[in-house]
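Asker: Give me a 3D structure for the following:
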Amino acid sequence: SNYDWTGFNDLDMLGYNVNAIMSLIITQNPGFWATVELPNGINTTCFTGPGAPTIELLRNQAKISVTETADNFELLGFTIHKAPEKGTIAPFNPTTATFEVGAITEPVGVTLLNAQAGEVNMNEKFLFERKNKNAEEITTVIVQGNYNGNTYFYKIDLINDQKVRYDIERNYHYNVDITNVSKEGYTNFSDALAGASHNNTAL
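Answerer: Below is the predicted model of the structure:
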């Protein structure tokens with residue numbers, strides 16, 4: 001759903017396996033996907049009659065938001081650093097050769113976009129999924145806020161309580177909750193992009 005089929009010729013796909021076709025469907029826009037098996041085939045009542053399947057669509061993007069409950073910090077906005085420029089429509093597990101919810105599927109040759117200072121705001125952000133846990137270039141959140149009377153930028157790694165980095169999976173909501181700030185951040189935006197993450201001392 002919501003995919004732009006301009007330039008897609010279904011006649012060229014005759015005889016191809018569905019796996020090969022879906023791997024070609026890459027987008028820079030939000031998209032929604034589901035697969036449903038109809039054992040009795042397609043007919044006029046297969047989606048409306050008794051026992052008709054409910055089709056839940058899976059969004060091809062994750063959502064990131066930032067909240068703060070710290071007494072010593074005022075959140076001014078945030079943005080995403082190294083977000084994938086495009087994503088796949090369907091999650092595909094190459095090991096089982098099946099479409100599988102939870103399989104993180106990245107396009108070949110995807111470009112990671114650098115954060116821009118003009119993108120810092122309070123709006124939730126959407127990005128395509130990626131295998132971020134063991135990546136060389138990781139996706140991070142750049143936060144801007146007031147601390148001790150001055151404005152700073154902070155680089156936040158997407159990690160859990162055990163300092164294990166998350167993969168970014170489609171249709172998931174990742175919330176960064178700032179509960180305490182203990183030191184100054186970077187005084188300028190470019191230093192925050194190049195510097196180490198404030199919440200992951202292992203870096």
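Asker: all helices of the protein, in order?
Answerer: Assigned by DSSP state H, the chain shows helices spanning 18-23, 189-194.
Asker: For these, which has the smallest mean pLDDT value?
Answerer: When the helices of the chain are compared by mean pLDDT, helix 18-23 comes last with a mean of 85.
Asker: So which bits of that one are buried?
Answerer: 22, 23 (16 or more other CB atoms under 10 Å). The way it works is simple: take the backbone N, C-alpha and C, and place the C-beta from them, glycine included.
Asker: Quick one: closest of the helices of the chain to residue 36.
Answerer: Among the helices of the chain, helix 18-23 comes nearest to residue 36, with 12.8 Å by CB to CB.
Asker: So what touches that closest one?
Answerer: Contact with helix 18-23 is made by 13, 88, 89, 90, 92, 97, 99, as judged by CB atoms under 8 Å, 6 or more residues apart in numbering.
Asker: Show me where the protein has its strands.
Answerer: Listed in chain order, the strands of the chain (DSSP state E) span 26-27, 32-33, 58-59, 61-68, 73-81, 83-84, 87-88, 92-93, 98-99, 112-113, 125-128, 140-147, 150-157, 173-178.
Asker: elements contacting the second one?
Answerer: The criterion is 3 or more CB pairs under 8 Å, 6 or more residues apart in numbering; DSSP states H and E, and the helices and strands that strand 32-33 contacts are strand 58-59.
Asker: Please work out the average pLDDT along the strand it packs on.
Answerer: Strand 58-59 shows a mean pLDDT of 96.
Asker: how far is that strand from where the chain is centred?
Answerer: Distance of strand 58-59 from the chain centroid (CA atoms, centre = their mean, to the nearest Å) equals 11 Å.
Asker: on that earlier part again, okay, the strands of the chain, which one's buried deepest?
Answerer: Ranked by mean neighbour count under mean count of other CB atoms under 10 Å, the strands of the chain are led by strand 87-88, which reaches a mean of 24.
Asker: Give me the mean pLDDT for that one.
Answerer: The predicted model assigns strand 87-88 a mean pLDDT of 96.
Asker: Which residues does that strand contact?
Answerer: Against strand 87-88 from outside (CB under 8 Å, 6+ apart): 22-23, 25-28, 31, 60-61, 105-107, 110, 128-129, 170.
Asker: Okay, residue 117 and residue 153: tell me how far apart.
Answerer: Distance, residue 117 to residue 153, by CB to CB, to the nearest Å: 9 Å.
Asker: between those two, what contacts are shared?
Answerer: Residues touching both residue 117 and residue 153 by CB under 8 Å, 6+ apart: residue 189.
Asker: if we can go back for a sec, can you list the helices of the chain in JSON lines and add distance to residue 43?
Answerer: Formatted as JSON lines, these follow (distance: least, CB to CB, whole Å):
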{"stretch": "helix 18-23", "distance to residue 43": "21"}
{"stretch": "helix 189-194", "distance to residue 43": "55"}
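Asker: so which of the contacts of helix 18-23 comes closest to residue 186?
Answerer: If you rank those by distance to residue 186 using CB to CB, residue 88 comes first, at 33.7 Å.
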